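**Q** what would the 3D arrangement of this be:
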Amino acid sequence: MLRLDKYLADMNQGTRSQVKELIKAGQVTVNGQVCRTAKQKIKDQDTVAVNGQEIGYQKFHYFMLHKPKGVLSATEDARQKTVLDLLKPADRYRGLAPVGRLDKDTTGLLLLTNDGQLNHELLAPECHVAKCYWAKIAGVADENTVAHFQAGISLRDGSQLKPAKLEILKQDFDQDQSEVLVTITEGKYHQVKRMFASQGMKVTELKRLTMGTLTLDASLQPGQYRELTRQELAALGR
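**A** Okay, the predicted model is just below:
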């Protein structure tokens, strides 16, 4: 059971103090009856409404975002736009945060949730969750590059990475560039960029396509988002 004010605050009906004002003003009903006490305990079978609109309770929220360039993977920043700023006010639920980070200039799949356990399951090193990226590279990746990735690259700072899968999509010898898919099971700082840098190449574009069982919805344009489907949640064990 939850207190009425926490129930409504969790469902983005306002801050706790704002919700208490709604309750005092008689704008909140429980099972059709006006309730004027914020301490009212709400049970699963109760029906809560604000100004006649029913407010169902959902403990956790899950959004798939197509992260655009120029936006920080953070919950707040005093100077720059964050991924949470891309959400409609009605979807900015308490505790929402990005699962992992994409660099400011990296695009693609980003999960936003307030499910801390899922965040851990997807990011913990011992879980080995695979993440696939499309990348455009300054430099021509070849079978030798593939072999280095498969063997596990040693970064310039001495860090030893786990084996990664590199698939070459396009080689352009005239322009000295290539397009690739790279799949990693770690999430070290700037990892993909540093992996190619160790091979004398530079990542010029980077887009995350998958994370575990999740695949970026092709219908989402950069900056757009949607809730996860039941099937996607089931695949995540939710």
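**Q** switch to C-alpha atoms for all contacts and neighbour counts from now on
**A** Noted.
**Q** P98 contacts L109, correct?
**A** No - contact criterion C-alpha atoms under 8 Å: P98 and L109 do not qualify, at 10.5 Å.
**Q** who's more crowded, these two?
**A** Each of P98 and L109 had its neighbours counted (other C-alpha atoms under 10 Å), and the higher figure belongs to L109 (27 against 22).
**Q** now that one, what's its secondary structure?
**A** Going by DSSP: H, G, I helix; E, B strand; the rest coil, the secondary structure assigned to L109 is strand.
**Q** give the contact list for it.
**A** Under the criterion of C-alpha atoms under 8 Å, 6 or more residues apart in numbering, the neighbours of L109 are 64-67, 207-211, 215-216.
**Q** L2 too?
**A** L2 makes contact with 41-43 under the criterion C-alpha under 8 Å, 6+ apart.
**Q** next: K193.
**A** Residues near K193 by C-alpha under 8 Å, 6+ apart: 202-203.
**Q** just the mean pLDDT for the strand ranked longest in the chain, thanks.
**A** If you go by DSSP state E, the chain has its longest strand at strand 202-211. The average pLDDT for strand 202-211 rounds to 98.
**Q** list the beta-bridge partners for the residue located most distally from the centre of the chain.
**A** No residue in the chain sits farther from the centre than Q33, which is 38.9 Å out by C-alpha atoms, centre = their mean. Beta-bridge pairing for Q33 (DSSP bridges): V30.
**Q** check which helix or strand covers the nearest residue to P98 once chain neighbours are set aside.
**A** The spatially closest residue to P98, leaving aside those adjacent along the chain, is L112, at 4.4 Å (C-alpha to C-alpha, 6 or more residues apart in numbering). If you go by DSSP states H and E, L112 is part of strand 107-113.
**Q** report the rounded mean pLDDT for that strand.
**A** Across strand 107-113, the per-residue pLDDT values average to 98.
**Q** which SSE is V182 in?
**A** Per DSSP H and E: V182 is located in strand 177-184.
**Q** surely G152 meets L161?
**A** Yes - in this structure, G152 sits in contact with L161. The criterion is C-alpha under 8 Å, and the distance is 5.2 Å.
**Q** neighbour count for the two, which is higher?
**A** Here G152 and L161 are set side by side on neighbour count (other C-alpha under 10 Å), and the busier one is L161, at 18 against 15.
**Q** residue contacts, that one?
**A** Applying C-alpha under 8 Å, 6+ apart, one finds that L161 lies in contact with 152-155.
**Q** which one of the residues you listed has the most neighbours?
**A** Compared across those, I153 has the highest neighbour count, 22 neighbours, by other C-alpha under 10 Å.
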